[in-house]
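In: Give me a 3D structure for the following:
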Amino acid sequence: MQHLVIRADSTPRIGTGHIMRCIALAQAWQDRDGEVNFISHCESKLLRQRIQDEGFNLVSLKVSHPDPSDLEFTLDFLRNLKTSRQEQPIVVTDGYHFDLAYQKGIKENGFRLMVIDDYNHLPHYHADILLNQNINAPELEYSCSENTVKLLGCKYVMLRREFLQYRELKREIPDKAHNILVTMGGADPDNVTQKVLKAIYLLNEPDIEVKVIVGPSNPHLEALKSGIKDFDLPVSIIFSPLPEKMPEFMKWADLTITAGGSTCWELVFMGVPSLIITVAENQEGIGEGLERAGVARNVGWFSKIDVNELKDEISVLICNYKIRKEMSLYGKELIDGRGVARIANIIYINKYRNILE
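Out: Residues are numbered from 1 along each chain as shown. Below you'll find the model as predicted:
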């Protein structure tokens with residue numbers, strides 16, 4: 001079985017989404033009895049532990065590209081792995097800093113490469129497989145080789161094992177939303193969570209309960225703990241919950257307020273009505289696409305909506321059963337939970353031929 005080498009990083013600015021979705025891909029490869037190595041500049045001890053707990057080998061980097069030592073080390077690692085295994089490893093990169101030079105360096109040294117992307121930010125992609133799981137991906141005009149296999153759209157959404165067991169979940173939609181989940185990603189460097197909590201407080205709804213998921217790379221944990229003392233409403237802060245707990249929180253929620261990153265796909269799969277706030281450039285197309293599909297309400301950039309506008313947006317969803325019911329139903333139709341299995345099949349069976357089933 002071929003060896004998968006995943007190159008992805010996590011910092012407070014990058015967030016945790018790249019690594020978390022790569023864990024889903026690694027699990028699918030593992031299910032085929034494959035072996036996985038992560039090479040990562042990962043600043044979160046909890047996230048590094050998560051990778052290792054999954055049974056994957058983790059090789060830590062002190063610095064990442066464009067520092068030249070990154071590519072040099074990665075190529076040496078790949079050469080040594082090929083020599084010891086007598087087979088060519090498959091490389092996966094997930095991160096916007098893995099630019100043309102990085103991709104070209106891997107390809108020119110004879111290694112096969114899959115690039116995971118979100119918003120077509122490079123002028124060209126040197127990849128055998130180009131993967132973009134987002135709803136707007138088929139609309140993007142990627143520049144790449146005519147032999148590149150392009151896996152575009154929600155058919156290839158990467159969900160981890162803890163979510164897949166909920167494929168047959170039947171969600172009850174209450175007349176009025178009471179349980180509100182807030183999750184602004186693994187880092188939230190701009191502390192958008194604080195803005196969301198203030199908007200919820202201004203609703204003056206006495207019968208709601210709020211759970212806030214704070215990711216392992218979030219630098220504002222103590223400020224959030226201190227800040228909720230000013231809000232007279234039941235708020236629970238859950239710091240870096242165990243992975244198997246995330247589907248339970250989503251099952252509990254009547255409504256989620258979320259950043260427009262990878263968590264959106266988990267929420268859509270779980271049938272959770274959502275309000276999406278854009279906190280990074282790569283999230284714009286996701287929020288807009290999910291609103292067009294009727295599975296979420298997109299309010300755009302966090303910096304362009306004030307607290308009172310956000311409060312009004314939340315209020316509409318809390319009170320409108322019909323909208324939340326439609327969001328939930330459309331979401332379950334959009335994502336079937338078989339994305340990572342499809343990707344692993346394409347890597348393993350089709351050897352990068354343009355055969356997508």
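In: For the stretch 201-350 of the chain, which segments count as strands?
Out: Per DSSP state E, counting those that start in this stretch, the stretch 201-350 of the chain carries strands over the ranges 209-214, 235-239, 255-259, 274-278, 296-301.
In: what's the average pLDDT for the first one?
Out: The pLDDT scores in strand 209-214 average 95.
In: Export it to CSV, keeping only CA atoms.
Out: Presented in CSV, the C-alpha positions along strand 209-214 are these (Å, rounded to 0.1, in the frame of the first residue of the first chain):
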residue,chain,number,x,y,z
GLU,A,209,-28.7,28.6,26.1
VAL,A,210,-25.4,29.2,24.5
LYS,A,211,-22.4,26.9,24.1
VAL,A,212,-19.2,28.4,22.8
ILE,A,213,-16.5,26.1,21.2
VAL,A,214,-13.0,27.6,21.6
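In: Please give the centre-to-centre distance between that strand and its chain.
Out: Distance of strand 209-214 from the chain centroid (CA atoms, centre = their mean, to the nearest Å) equals 19 Å.
In: Output the contacting helices and strands for it.
Out: strand 179-183, helix 192-203, helix 221-227, strand 235-239, helix 246-252 (3 or more CB pairs under 8 Å, 6 or more residues apart in numbering; DSSP states H and E). Backbone N, C-alpha and C define where each C-beta goes, glycine included.
In: how about low-confidence regions in this protein?
Out: Along the chain, segments meeting pLDDT under 70 span 1, 85-86, 349-357.
In: out of all of them, which helix in it is the longest?
Out: Secondary structure of the chain per DSSP state H: the longest helix is helix 68-85.
In: now what about it, what contacts it?
Out: Applying CB atoms under 8 Å, 6 or more residues apart in numbering, the contact partners of helix 68-85 are 3, 5, 7, 37, 39, 41, 59, 61, 63-65, 88-89, 91, 101-102, 105-106, 109, 111.
In: Mind listing what's buried along that helix?
Out: Buried residues in helix 68-85, counting neighbours by 16 or more other CB atoms under 10 Å, are found at 70-71, 73-75, 77-78, 81.
In: helices or strands next to the following helix or strand past that helix in the packing?
Out: Later in the chain than helix 68-85, the nearest helix or strand by DSSP states H and E is strand 90-94. For strand 90-94, the elements it packs on are strand 3-8, helix 17-31, helix 100-108, strand 112-116, judged by 3+ CB pairs under 8 Å, 6+ apart.
In: if we can go back for a sec, hey, what's the angle from the longest helix of the chain to strand 90-94? Just curious.
Out: 150 degrees (axes from the mean of the first three to the mean of the last three CA atoms, to 10 degrees).
In: before we move on, the earlier item: got a markdown table for the strands of the stretch 201-350 of the chain, with distance to residue 313 and mean neighbour count too?
Out: Converted to a markdown table, the strands of the stretch 201-350 of the chain look like this (distance: least, CB to CB, whole Å; neighbours: other CB atoms under 10 Å):
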| stretch | distance to residue 313 | mean neighbour count |
| --- | --- | --- |
| strand 209-214 | 16 | 21 |
| strand 235-239 | 19 | 16 |
| strand 255-259 | 9 | 27 |
| strand 274-278 | 6 | 26 |
| strand 296-301 | 5 | 20 |
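In: how about those in TSV, adding distance to residue 245?
Out: TSV is the format used below for the strands of the stretch 201-350 of the chain (distance: least, CB to CB, whole Å):
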stretch	distance to residue 245
strand 209-214	9
strand 235-239	8
strand 255-259	15
strand 274-278	19
strand 296-301	22
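In: Quick check: which of these is nearest to residue 166?
Out: Among those, the nearest to residue 166 by CB to CB is strand 255-259 (14.8 Å).
In: Residues contacting that closest one from elsewhere in the structure, which ones?
Out: Contacts for strand 255-259 (CB under 8 Å, 6+ apart): 177, 179-185, 188, 192, 196, 200, 250, 264, 267, 272-280, 283, 314, 317-318, 324.
In: 7 Å instead, please
Out: With contacts defined as CB atoms under 7 Å, 6 or more residues apart in numbering, strand 255-259 is touched by 177, 180-185, 196, 264, 267, 272-277, 279, 283, 314, 317-318, 324.
In: Among the helices and strands packed on strand 90-94, which comes closest to residue 171?
Out: That would be helix 17-31 among the helices and strands packed on strand 90-94, by CB to CB, at 21.8 Å.
In: helices or strands next to that closest one in the packing?
Out: strand 3-8, strand 35-40, strand 90-94, helix 339-348 (3 or more CB pairs under 7 Å, 6 or more residues apart in numbering; DSSP states H and E).
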